[in-house]
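Asks: Sharing a sequence plus its predicted fold:
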Amino acid sequence: MSEPRTTAVVNIGTLYTGDLAAPIAEADSLLIDNGQIAAVGGITGADADRVIDVNGATVGPGLIDSHCHVVLGDFTPRQNTVGFLSSYVHGGICQAISPGEIHTPGRPRNRDGVKALAVAAAHWWETYRPNGMKVHGGAVVIEPVLTDDDFQEIASQGVRLAKFGFGAYDDPADGLPQVKAAQAAGIKVMCHSGGASIPGSKPITVDHLLLLRPDVCGHINGGPTSLDEAGLLTLVNETDLILQFVQAGNLRSAIEITRAVREAGAERRVILGSDTPTGTGVIPLAIMKTMAELCSLAGVEPEVAWAWATGNTRDVYDLASGKIEVGRPADLVVCDAPWGALADDAGGALTRGDIPGISAVIIDGVVRTLRSRNTPAAARAVTVTPEIAEPPGSGHV
């Protein structure tokens, strides 16, 4: 059976927009038309071919994992796990950004191989969508063998991302020419920060980051080892660099950076990622868990945490979806307080440090799951009219 052209999402209790300027919308409904948000507010069941009644639950943009170690297909050799991306969708993650397919077995380091891997990955992720997940892949791993012309060449072939921190440099400072050449070619550079994470890599210090000036400071709270407190304050207060918090990092550091960010009014520079699968594991609930930690331990409002996990990343990487706005792809998460929790809604659950129960995930207007196999059941389940069969990839385990 084909997907209906229009879907109405009604009886929304709280609508998070993903936009820090107005993180909560005064609307209790929205309309999806041909995979895009067509209207926000003023919608009834009579307006659409399908009606999703969320019964007072919370709706927000689909979460974006800004640091996900994809390799090839829905498989991670680091954890020898198949189907992890499909499972991440059950954690509300609708998009993932690759920091380079660095865990590829036998990853090439020669000039032609480095370029070939980036170009190939950029294109295979354009068409491969595990459980609807949108993967932005093919980040070139910056190596000293790459020239200015190489970056221009791969940019012309669709490479838009780069990762610095795993190249064969004696000193990370030696990579400055390549970082600048990538940026000059229109390629956005995420830089490793903190201690070494895999054999062969090197620690990258605050001084390195101040010299290199990447677009994004990857896992600023440690990946897994954090930077020194004084240096972190320098990065927050004296630069405009994007600061990425990850689940596979240092929680104490994340809390301290959050407080500094809020004192500096730098909330627009924060994005969230998992930095998994790594040695930390496969964590489908990584983004939700990070949001719960920041809300419960650092005092971040749930709507702000949601914007850090969606709209901010959309803005940094110029993605199509990540905010509740007319004309954007309809990537949505429906969630609520978990069944039996002390909170009244998803925001209350996050504030208490609980993972909300996800009752539906929608990507490009297509229902991908009606009950997450990774979260507790939501206190308020959705009702879909007409009923639909269990979506592919939604089997409960």
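Replies: Now that the structure is in, tell me what you want to look at. Numbering: from 1, shown residues only.

Asks: Farthest from the middle of the chain: give me that residue.
Replies: Note on the chain: the largest C-alpha distance from the chain mean falls to Ala46, namely 34.1 Å (Cα atoms, centre = their mean).

Asks: Now do the same for it: helix, strand or coil?
Replies: The three-state assignment at Ala46 reads helix, by DSSP: H, G, I helix; E, B strand; the rest coil.

Asks: any idea how far it is from Thr6?
Replies: Counting by Cβ to Cβ, to the nearest Å, the separation of Ala46 from Thr6 is 11 Å. No exception for glycine: its C-beta is placed from N, CA and C like everyone else's.

Asks: Can you report how many residues neighbour Pro386?
Replies: Residues near Pro386, counting by other Cβ atoms under 10 Å, number 9.

Asks: can you pull the contacts of the spatially closest residue to it that is not a sequence neighbour?
Replies: In this structure, Pro386 finds its nearest non-sequential neighbour in Arg50, 6.9 Å apart by Cβ to Cβ, 6 or more residues apart in numbering. By Cβ atoms under 8 Å, 6 or more residues apart in numbering, Arg50 lies in contact with Pro4, Thr6, Thr7, Ala8, Val384, Thr385, Pro386, Ile388.

Asks: What pLDDT is listed against the closest residue to the first one other than its chain neighbours?
Replies: The shortest distance from Pro4 to any residue other than its chain neighbours is 3.5 Å, reached at Asp49 (Cβ to Cβ, 6+ apart). At Asp49 the predicted local confidence, pLDDT, stands at 95.

Asks: Surely Asp49 is in contact with Arg5?
Replies: Yes: the criterion here is Cβ atoms under 8 Å, and Asp49 meets it with Arg5 at 5.9 Å.

Asks: quick one: the helices in the stretch 201-350 of the chain?
Replies: Along the stretch 201-350 of the chain, the stretches classed as helices by DSSP state H, counting those that start in this stretch are 206-212, 229-238, 251-264, 286-298, 302-308, 311-317, 346-352.

Asks: Put together TSV for these, with mean neighbour count, mean pLDDT and distance to Arg160 on each row.
Replies: Formatted as TSV, the helices of the stretch 201-350 of the chain follow (neighbours: other Cβ atoms under 10 Å; pLDDT from 0 to 100; distance: least, Cβ to Cβ, whole Å):
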stretch	mean neighbour count	mean pLDDT	distance to Arg160
helix 206-212	18	96	19
helix 229-238	16	95	24
helix 251-264	18	97	26
helix 286-298	23	98	22
helix 302-308	27	98	22
helix 311-317	24	98	8
helix 346-352	24	98	32
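
Asks: In TSV: those helices, plus distance to Trp125.
Replies: TSV is the format used below for those (distance: least, Cβ to Cβ, whole Å):
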stretch	distance to Trp125
helix 206-212	26
helix 229-238	30
helix 251-264	28
helix 286-298	19
helix 302-308	24
helix 311-317	14
helix 346-352	30
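
Asks: Ok, which of those comes nearest Val40?
Replies: Val40 lies closest to helix 311-317 among these, at 14.4 Å (Cβ to Cβ).

Asks: name the helices or strands packed onto that closest one?
Replies: The helices and strands touching helix 311-317, judged by 3 or more Cβ pairs under 8 Å, 6 or more residues apart in numbering; DSSP states H and E, are strand 270-273.

Asks: Next, give phi and psi for the residue nearest to Pro386.
Replies: phi -130, psi 140 (degrees, to the nearest 10).

Asks: Roughly how far does it sit from Gly35?
Replies: For Arg50 relative to Gly35 (Cβ to Cβ), the value is 13 Å.

Asks: Next, Ser378: phi, psi?
Replies: Not Ser; residue 378 is Ala. The phi/psi pair for Ala378 (degrees, to the nearest 10) reads phi -70, psi 150.

Asks: my guess is it meets Ala343, correct?
Replies: No: with contact defined as Cβ under 8 Å, Ala378 does not count as touching Ala343 (11.6 Å).

Asks: okay, those two: which has more neighbours?
Replies: With neighbours defined as other Cβ under 10 Å, Ala378 and Ala343 compare such that Ala378 has more, 27 against 18.

Asks: burial of the residue nearest to the more buried one when sequence neighbours are not counted, as a residue count?
Replies: In this structure, Ala378 finds its nearest non-sequential neighbour in Gly357, 3.3 Å apart by Cβ to Cβ, 6+ apart. By other Cβ under 10 Å, 25 other residues sit near Gly357.

Asks: check contacts around the residue nearest to Thr239 when sequence neighbours are not counted.
Replies: Spatially, and ignoring its direct neighbours in sequence, Thr239 is nearest to Leu210 (7.1 Å; Cβ to Cβ, 6+ apart). Residues near Leu210 by Cβ under 8 Å, 6+ apart: Thr234, Leu235, Thr239.
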